[in-house]
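1. Here is the input, now give the coordinates:
(4 chains)
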Number of protein chains: 2
Amino acid sequence: MAHVSVSSGPAPMRRRDQQKEQTRLDLALAAFELAQAEGLAQVRVPQIAAAVGVSTRTFNNYFPSKEAAIVFPATMRGARMASDLAGCPAGQPLADALVDVVAGLYGPRGQEGLPENWIDGFRALVAAEPSLHGECLKAQAAGEHELAVAIARRTRADGSDLGPLLLAGVVLAAERAAVRHWARQAERPGVPLAEVVRTAVALAVRGLTGPGGSLT
Amino acid sequence: MAHVSVSSGPAPMRRRDQQKEQTRLDLALAAFELAQAEGLAQVRVPQIAAAVGVSTRTFNNYFPSKEAAIVFPATMRGARMASDLAGCPAGQPLADALVDVVAGLYGPRGQEGLPENWIDGFRALVAAEPSLHGECLKAQAAGEHELAVAIARRTRADGSDLGPLLLAGVVLAAERAAVRHWARQAERPGVPLAEVVRTAVALAVRGLTGPGGSLT
DNA sequence: AGAATTAATTGCGCGATACGCAAGTTTCCG
DNA sequence: CGGAAACTTGCGTATCGCGCAATTAATTCT
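-> Presented below is the predicted three-dimensional model:
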């Protein structure tokens, strides 16, 4: 036990946990692809379980519903944003760091561990299947919470301060608005989504972090 | 038919529709009170229906689930915000109007048609029952959409513009942050929630509507 | 006002799901 | 290597959302 760092970070991943997370992701992606192919309403839980080789009961041990399974990869974005923010240089202004972090999710490195341009297919599926909206919102809310604590940690603010809560909410609201706006401008190939997100977040953050704003 | 205004606004309410909305609200409030009294998990759909005097099938004609029924009054806030914003004097700056509208929801006139301080009991119930979080988020999202179109209407912006989307999202994100912040400050009687909301929204809106911002 | 049309409510029943429980199996740690 | 903990699985059950068809109430037309 000499070369192992003393419980640093979130990486006490034992073999078992890795397999666990692997099957979880397998189930999520299987559900996603089946829904993409046949429509969410046609997909049955036993079908998803069979596609991965586990029982229906096991599926429900991982997810309370097929919707939750499909949306699962989106829930990991919260942790990703938090760690990305923590990885930003300490001297960087908070506003710039946040813009980079959120916009980075739409860059090439934003989909690690997932199929090629998974994000596009995901957005299309969610737009086409209203049954997914609820779960999608839950994932966003969870991500917002994680981002808020990350901001609080970075600014050394009290956990119950208004600032981090407000900033996290505004940043993610800006992201959502940008995505919706971009989706409405049907098929403008020249304008990458990442850029729209970047400008929207920058715009929204201006009032909270600029002169007179309490956060830096 | 002399004293009735000529189909002005959203009030072509025929008798039938009024009864419809009345039973809908009855179901919603019955579900709310039962959940408050016995815990959401113990409440059965037939129980709610019986409390109002309709069949289980009818309940499901109005709501797809008991959660949706409980949250229903919250969904009306979207329409309220939209109409309140439309009722603001045309000369008033958009930022001020938005602050007033949102903060007004927490004032004495914010709970018209509902039991006394319904909002407090509702918040407590939602906090205590995780099963309600999803529906609550859906209601917020719907309200955000309504507010966005109201803003677009007021600013004469194109429906697919980024501005209204962004502003509506930021305003409601600020409201949520304020409420969460207020709820964490367990029991500070001297600080009214309406004030916290007002300051938070004002803070968040500053960057979008101030100098350099595109909206007025 | 009276009849026709339209909409809402109800009963019935099916398909699907979420979860508790107990037994079997795999992994972890000393 | 052996015990303990955790994961998986099968089974059974209560609940739910909704489609369908019949009944009842309300609105509109003449």
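
2. Quick check: the spatially most central residue of chain A vs chain B, distance?
-> With distances taken as CA atoms, centre = their mean, the residue of chain A nearest its centroid is residue A:77 (2.2 Å). Relative to chain B, residue A:77 is positioned 16 Å away (CB to the nearest CB, to the nearest Å). Placement of C-beta: from N, CA and C, glycine included.

3. Now for the residue nearest to that residue when sequence neighbours are not counted: which residues touch it?
-> In space, residue A:77 comes closest to residue A:143 once its chain neighbours are excluded; the distance is 5.3 Å by CB to CB, 6 or more residues apart in numbering or on different chains. For residue A:143, the contacting residues are A:74-75, A:77-78, A:81, A:172, by CB atoms under 8 Å, 6 or more residues apart in numbering or on different chains.

4. Of all pairs in those, which one is the farthest apart?
-> Maximum pairwise distance among the contacts of residue A:143 (CB to CB): 13.5 Å, between A:75 and A:172.

5. In the helix or strand encompassing residue A:203, which residues are buried?
-> Following DSSP states H and E, one finds residue A:203 within helix A:193-209. The neighbour-count check on helix A:193-209 (16 or more other CB atoms under 10 Å in any protein chain shown) flags A:193-194, A:196-209 as buried.

6. Next, the buried residues of the helix or strand hosting the residue nearest to the centre of chain A.
-> With secondary structure defined by DSSP H and E, residue A:77 is part of helix A:66-87. Using 16+ other CB under 10 Å as the test for burial, helix A:66-87 gives A:66-78, A:80-82, A:84-85.

7. mind listing the helices in chain A by residue range?
-> Using DSSP state H, the helices of chain A run over A:15-38, A:45-52, A:56-62, A:66-87, A:94-104, A:118-128, A:133-155, A:162-184, A:193-209.

8. So for DNA strand C, which of those helices sits nearest?
-> Among these, helix A:15-38 comes nearest to DNA strand C, with 3.1 Å by CB to the nearest atom of the strand.

9. Please tell me how far that closest one is from the chain's geometric centre.
-> 16 Å (CA atoms, centre = their mean, to the nearest Å).

10. ok, and what's touching it?
-> Identification of contacts with helix A:15-38 by CB under 8 Å, 6+ apart yields A:43, A:47-49, A:51-52, A:54, A:58-59, A:62-63, A:66, A:69-70, A:72-73, A:113-115, A:121-122, A:125, A:129.

11. same deal with stretch A:58-72?
-> Residues outside stretch A:58-72 that contact it (CB under 8 Å, 6+ apart): A:23-25, A:27-28, A:31-32, A:35, A:40, A:43, A:45, A:48-49, A:52, A:125-126, A:131-132, A:134-136, A:138-139.

12. can you pull the contacts of residue A:138?
-> By CB under 8 Å, 6+ apart, the neighbours of residue A:138 are A:71, B:133-134, B:137.

13. hmm, which two among these are most spread apart?
-> Spatial extent of the contacts of residue A:138 (CB to CB) is set by the pair A:71 and B:133 at 14.2 Å.

14. Also near DNA strand C: which of the contacts of stretch A:58-72, exactly?
-> Among the contacts of stretch A:58-72, the residues that sit close to DNA strand C (CB under 7 Å from any atom of the strand) are residue A:45.
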